[in-house]
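In: Everything below, folded, please.
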Amino acid sequence: MSLLQETLDKIQKIDEAAKKQSRERIDILLKPVGSLGVLENIAEQLSAITGEVIPDIKKKAVLCFAGDHGVCDEGVSAAPQVFTELMTPMIAAYRTGVGVLSRLAGADVFVYDVGMIPDLPADCDAVDKKIRRGTANMRKEPAMTREEAVKALEIGIEAANEAIEKGYKVLGTGEMGIGNTTPSTAIFAVLGDVDPEEITGVGANLSEDLTKNKAQVIRDAIALNKPDKNDPVDILSKVGGLEIAAMTGVMLAGAACHVPVVVDGYISTASAAIAIALKPEVKDYLICSHASDEKGAKFGSELLDFAPFLHMDMRLGEGSGAALAFYLLDAAVAMNRDMATYADVNMDVV
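Out: The predicted model follows:
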């Protein structure tokens, strides 16, 4: 049995009993019922995922995957493709947004090359898991083979399993890949049956004319490759990305191991869409961190019935939103663990 199928078979529904116990405790904490809003929902979800009313989530990590995209040949990104090569070692060195925010949150960042065109620098603290040197230009041919898509999924599963074995209790998903809003938009266009122009955004500050070109490139890629809406791996292989597939693998592994996975922004949400399409139960194990400022993000969140709780006008990627959300996960657990209850002061619930 493949690692992918083994992981899918392990995924079960969340722990409804722990969810109920957590909600019952939250509702007797010394406050008006429901007055801490989303924080209460986060605490309840963490209990449901882990099976513990007061889970230990101290040890956290962002798993960040890097890959290049052949579709950049079509002028879909304002940033040159060399930025993937430039930024990946900086992420590994904690010198970018996700690194700074993760370090502040006491979290670690692990970086994996699953599909960069160049090799990693010798002094780069990232893991070489390269499947191929960038995807193919999906406007002209499938982005990758089905076997490569499965391999990328399994690399994400392996990375997550390794982190979980090391004691990490919460995982965040991150990526680095110039041009990757294009495959992400293609994924949503296929799964949501929507014309790409309705959800195609500026990515890394693309001009209006080039944004229209980007939408047409996505439209052409879908028309040429005909990804099967009912086959998530087919979608990944034809119009996806290696780093997108790897993040999907992290989400599957997290669900299989009852470990919460914090979804970052637009690209990570595309990974979540594939993960949920592969196994609907995965959705309840995913915590959607922030409402990305990328144009298609609202559509993606609505498609998945996600409710991002941070509204910061962010669209950096890398896992930066997931790292920022770590603070609120800690706050939710602290609320449930440390607040007094009405019983402590001999009062009835208000």
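
In: Where do the helices of this protein begin and end?
Out: Counting by DSSP state H, the chain has these helices, from start to end: 3-10, 16-26, 37-50, 82-92, 97-104, 146-165, 181-192, 208-225, 232-239, 242-256, 266-278, 297-304, 320-338.

In: quick check: angle from the longest one to helix 232-239?
Out: If I follow you right, that is helix 146-165. Angle, helix 146-165 to helix 232-239, by axes from the mean of the first three to the mean of the last three CA atoms, to 10 degrees: 110 degrees.

In: contacts for helix 146-165?
Out: Helix 146-165 is contacted by residues 2-4, 7, 61, 63, 65, 110, 112, 114-115, 127, 129, 131-132, 144, 171, 233-234, 236-237, 240, 242-243, 245-254, 257, 259, 261 when judged by CB atoms under 8 Å, 6 or more residues apart in numbering. To be clear about C-beta, it is placed using only N, CA and C from the backbone, and glycine gets the same treatment.

In: Make TSV out of the helices of the chain and add distance to Ala136.
Out: Below are those laid out as TSV (distance: least, CB to CB, whole Å):
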stretch	distance to Ala136
helix 3-10	22
helix 16-26	44
helix 37-50	37
helix 82-92	16
helix 97-104	28
helix 146-165	10
helix 181-192	11
helix 208-225	10
helix 232-239	10
helix 242-256	11
helix 266-278	18
helix 297-304	24
helix 320-338	29
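
In: would you list those in TSV and tack on mean pLDDT and distance to Gly201?
Out: Below are the helices of the chain laid out as TSV (pLDDT from 0 to 100; distance: least, CB to CB, whole Å):
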stretch	mean pLDDT	distance to Gly201
helix 3-10	98	30
helix 16-26	98	35
helix 37-50	98	26
helix 82-92	96	18
helix 97-104	97	19
helix 146-165	98	24
helix 181-192	97	6
helix 208-225	93	7
helix 232-239	98	16
helix 242-256	98	16
helix 266-278	97	8
helix 297-304	95	8
helix 320-338	98	16
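
In: among these, which is nearest Cys72?
Out: Cys72 lies closest, by CB to CB, to one member of the helices of the chain: helix 181-192, at 8.1 Å.

In: now for that closest one, which elements pack on it?
Out: Identification of packing neighbours for helix 181-192 by 3 or more CB pairs under 8 Å, 6 or more residues apart in numbering; DSSP states H and E yields helix 208-225, helix 232-239, helix 242-256, helix 266-278, helix 297-304.

In: which parts of that helix are buried?
Out: Neighbour counts over helix 181-192 (16 or more other CB atoms under 10 Å) mark Thr181, Thr182, Pro183, Ser184, Thr185, Ala186, Ile187, Phe188, Ala189, Val190, Leu191, Gly192 as buried.

In: now the angle from it to helix 208-225?
Out: 50 degrees.

In: about what we covered before: buried only: go through the contacts of helix 146-165 for me.
Out: Buried members of the contacts of helix 146-165, counted by 16+ other CB under 10 Å: 3-4, 7, 61, 63, 65, 110, 112, 114-115, 127, 129, 131-132, 144, 171, 233-234, 236-237, 240, 242-243, 245-254, 257, 259, 261.

In: I'm done for today, thanks for sticking with me.
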